[in-house]
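> Just need the structure, nothing else, for what follows:
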Amino acid sequence: TRNYAVKKLNVPLSGKDMARCGGITSMMRLPIASSLDGLDACFVGVPIDIGVSNRPGARFGPREIRNQSVVVHEYNVATGAAPFQHLMVADVGDVWVNLYNLPDICWSIRESFSKIIKNGCVPITAGGDHTITYPILQAVAAKHGPVGLVHVDAHGDCADLMLGEKIAHGTSFRRAVEEGLLDTKRVVQIGLRGSDYFGENNKFQRDNGFRIIPATECWHKSLTPLMHEVRQQMGDRPIYISFDIDSLDPAFAPGTGTPEIGGLTSIQALEILRGCAGLNVVGADLVEVSPPYDTTGTTALTAANLMFEMLCVLPGVKQV
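A predicted model of the protein is given here:
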């Protein structure tokens, strides 16, 4: 730790103090905390992929995101955000999961996140597949009530059933709506695209008041103006950010289970997350990184940087 003006806060281990190829592989080389006491925010992993419908491997996502995060520094040059000067942050490790029982996994996630957020710690989560967002939202809504949602994804994840099952990575937000976890008038889904089984794949979302931004509406343009509209829509009430890495075009993020061409760019991803500055963010996740399909590490590297951007827009972090 370094001694800032007000109190001692955790900061990432500098490459000047230890070579980046050394040290414990925690998120951004932060201390690994065994207790949540005193934490304003934390990085946490949920290493599962038994909810996926295509290529597996997302269970290894948290580990590889941490590995690639060693090159991410503590100061955001573009926005001026210096989160480690304002928040006490640590890596709290991974949620314990039973890889043979998805309902039990959801119970474990919900219980773990209830403890994380109980005293105000904001979780930034590395998945794992998108199933994890459903039990996380159960915990978040139990504390904050129905929350707004900024959901960045190639897919709406609002299916009713997947192979007859209610819980899977493509059903998370339908379950969330059914259980009243979302303030549906403050939900935006950005980047949706791809072929499907039906002509109107997003009917459920539209019927429930979601704002849908298909990827085709994002092509060849900055998303900064869109995020100005999103901030107005979300207001000052609690919101959650859920970022599926397959929202990005496979050219930028090939290491994922259900890639779709024609997606967002990494620059647009930065615009979206930086556009969340000033919102009342009470949690965030980055899901569906599959290292076996990420031969260069580019996808996990992108994910690590995007999780840092999430940290930079949390309440209490000043933007220049």
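> element containing the spatially most central residue of the chain?
In the chain, the centroid-proximal residue (Cα atoms, centre = their mean) is residue 285; its distance is 1.9 Å. Secondary structure from DSSP states H and E places residue 285 in strand 280-287.
> For that strand, the averaged confidence score.
Average pLDDT, strand 280-287: 98.
> what's the following helix or strand after that strand?
Strand 280-287 is succeeded, C-terminally, by helix 298-312 (DSSP H and E).
> tell me the angle of that next one relative to strand 280-287?
Here the directions of helix 298-312 and strand 280-287 differ by 170 degrees (axes from the mean of the first three to the mean of the last three Cα atoms, to 10 degrees).
> Provide the partner residues of residue 242 in its beta bridges.
Following DSSP bridges, residue 242 is listed with bridge partners residue 151, residue 285.
> Now do it against residue 284, distance only.
Note on residue 242: its distance to residue 284, by Cβ to Cβ, to the nearest Å, is 7 Å. Where C-beta positions appear, they are placed from N, C-alpha and C, glycine not excepted.
> next one: residue 73
20 Å.
> So between the two, which is more surrounded?
Between residue 73 and residue 284, counted using other Cβ atoms under 10 Å, residue 284 has the larger neighbour count: 26 against 13.
> if I pick that one, what's in contact with it?
With contact taken as Cβ atoms under 8 Å, 6 or more residues apart in numbering, residue 284 is in contact with 122, 123, 124, 125, 240, 241, 242, 243, 307, 310.
> The third one falls within a strand, correct?
Yes: according to DSSP: H, G, I helix; E, B strand; the rest coil, residue 124 belongs to a strand.
> I figured it was touching residue 44, is that so?
Yes: shown here, residue 124 and residue 44 form a contact pair, counting by Cβ atoms under 8 Å, at 7.4 Å.
> hey, what's in contact with both of those two?
In contact with both residue 124 and residue 44: no residue, using Cβ under 8 Å, 6+ apart.
> Among the contacts of residue 284, which one lies nearest to residue 113?
Taking Cβ to Cβ as the measure, residue 113 sits nearest to residue 123 out of the contacts of residue 284, at 6.2 Å.
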